[in-house]
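Visitor: This is the structure alone, sequence omitted:
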């Protein structure tokens, strides 16, 4: 199913935005940066949670950047970022390691971008899409 031109453009911007936000944190997760280790230690899942989440986010970035899989990438972004936002609203707090809430804000932006992609591309998703096909 092809999206109208405006929706395609909005989806593309949201896909790139989500991919940039997710991709930005990969370096810190994979290199064991002090901030990332502190965050995942506080959550009690260091190092496997940090590395596992890094792998999932890397896969998600690829899904977002391939037009055929972007809808699934949007849904996956929503799931990952709901976990991130929940962690910030719970044990981590909004401000982590003196970042002024920057990580929380990036998670919210990625969540909104993922929701936008998922909504615009909902007809392309295997289960949900069946409800929207003619």
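Guide: Structure's in. What do you need? For clarity, every value in this text was computed on a predicted model and none was experimentally measured.

Visitor: Look at the spatially most central residue of the chain and give its secondary structure.
Guide: By C-alpha atoms, centre = their mean, the chain has its centre lying nearest to residue 77, at 3.2 Å. For residue 77, the reduced secondary structure class is helix; criterion used: DSSP: H, G, I helix; E, B strand; the rest coil.

Visitor: Could you report the pLDDT at it?
Guide: At residue 77 the predicted local distance difference test score is 98.

Visitor: How about it: what's its closest non-neighbour residue?
Guide: On the basis of C-beta to C-beta, 6 or more residues apart in numbering, the spatially nearest residue to residue 77 that is not a chain neighbour turns out to be residue 114, at 2.9 Å. No exception for glycine: its C-beta is placed from N, CA and C like everyone else's.

Visitor: ok, that neighbour touching residue 75?
Guide: Yes. If you go by C-beta atoms under 8 Å, residue 114 and residue 75 touch, sitting 7.3 Å apart.

Visitor: These two - which one has more neighbours?
Guide: Under the criterion of other C-beta atoms under 10 Å, the comparison of residue 114 against residue 75 puts residue 114 first, with 28 against 20.

Visitor: Just the buried positions in the helix or strand hosting that one, please.
Guide: Taking DSSP states H and E as the definition, residue 114 sits inside helix 102-120. Taking 16 or more other C-beta atoms under 10 Å as the basis for neighbour counts, the residues of helix 102-120 that come out buried are 103-104, 106-118, 120.

Visitor: Going by distance to residue 50, which of these wins?
Guide: Comparing the buried residues of helix 102-120 against residue 50 with C-beta to C-beta places residue 103 closest, at 13.6 Å.
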